[in-house]
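In: Kindly generate the corresponding structure for this input.
(2 chains, ligands or ions: 1)
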Amino acid sequence: MKKCNQNIQNICDYIDGELDGSLCEEIDKHLKECRNCRIMVDTLRQTVVLCREGRQEHLPAEIENKLNDALRRKWEKKFKK
Amino acid sequence: MDEKELVKRAQSGDFDAFSRLITEQKDKIYRLALKLTGNREDAEDIVQETFLKAVDNIDKFRLESSFGTWLYTIALNNVRAHMGSRKKMTLKPIEEYLPSGHSDENTHTQLFDWGDPHQLFEQKQLDQIIESALAALPQKYSMPFMLRYMEDLSVKDIARILKLSLPAAKSRILRARLALREQLAEHFREKIDEKV
Ligand SMILES: [Zn+2]
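Out: I've put the predicted structure just below:
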């Protein structure tokens, strides 16, 4: 029996769909036989999904305006307008 | 006008060209800083410092990388400078995040299957859990992880930005992912235990 965890270094590539060939098949095969590794792979996948679906924050307008003013001042000083 | 042309104009003193270059980057850098620091005020400071530094150094930018990548590099340096001494969790070696056993029926080695977290928490609560889990990671791990999965950069680009070897970048991304998974599993398990 193939040991668990031996392909751990490539597990991100596997989950992210960037692994092909025999290694990929080997992992597929192991996952069919091993519940623990299935849970590991599934929860690692979900970890990234959850991180990606977080809210889309925007720089507050007031900070952006302040920043734009500061940038313009710095720019004019730098290029001596 | 393409990026190259905008950069050339900016470097010769055209502020409007510079403004156009950074328009879309402001929110991106803000989000990245917010996730790395877990704190709005810090993130706002980091955004300001990043773009002011970009003005200072605009003539040093050589088109070897994209303008966005160059900004990330500046932003990450600012995050490091800003957050340098703050305490973060310590990550374990990779093996310690893994279940030790084989697929036997021994319940001690069974991993916790958290199912669908959306059944446990509102989206807003989930966002908060994720945010604090990310912010708790040391930056050397959270940075490559976020660049990979939230900014969709390739491992190669991440290695270049963070001045790491390819295997080192890959390994840090994996450790971050395992550590986050474990933090989430703990949260979700607590919630499930509460319900029972
Ligand atoms: Zn297994």
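In: hey, let's count contacts and neighbours off CA atoms from now on
Out: OK.
In: Any idea which residue of chain A lies closest to the ion?
Out: Residue nearest to the ion within chain A (Cα to the ion): residue A:4, separated by 3.7 Å.
In: and that residue, backbone torsions?
Out: phi -70, psi 160 (degrees, to the nearest 10).
In: Settle this for me: it is touching residue A:40, isn't it.
Out: No: counting by Cα atoms under 8 Å, residue A:4 does not reach residue A:40; the two are 10.6 Å apart.
In: out of these two, which sits in the busier spot?
Out: The neighbour count for residue A:4 versus residue A:40, taken as other Cα atoms under 10 Å in any protein chain shown, is higher for residue A:40 (23 against 19).
In: and the more buried one, what does it touch?
Out: residue B:111 (Cα atoms under 8 Å, 6 or more residues apart in numbering or on different chains).
In: Which pLDDT value does the model give it?
Out: Residue A:40 is assigned a predicted lDDT (pLDDT) of 94.
In: What strand or helix carries it?
Out: Counting by DSSP states H and E, the element that carries residue A:40 is helix A:35-52.
In: what about residue B:152, which helix or strand?
Out: Residue B:152 is part of no helix or strand when elements are defined by DSSP H and E.
In: same deal with residue B:9?
Out: Going by DSSP H and E, residue B:9 is part of helix B:3-11.
In: is that helix up against chain A anywhere?
Out: No: using Cα under 8 Å from any Cα of the partner chain, helix B:3-11 never reaches chain A; the gap is at least 9.6 Å.
In: Okay, buried residues for the next helix or strand after that helix please.
Out: Later in the chain than helix B:3-11, the nearest helix or strand by DSSP H and E is helix B:15-37. Across helix B:15-37, burial judged by 16 or more other Cα atoms under 10 Å in any protein chain shown covers B:15, B:17-18, B:21-22, B:25-37.
In: which of those residues are close to chain A?
Out: B:15, B:26-27, B:30-31.
In: wait, residue B:10 sits on residue B:18?
Out: Yes: Residue B:10 is within contact range of residue B:18, at 5.0 Å (criterion: Cα under 8 Å).
In: Check which helix or strand residue 75 maps to.
Out: Using chain A here. helix A:61-78.
In: wait, I meant chain B there
Out: Using DSSP H and E, residue B:75 falls in helix B:67-83.
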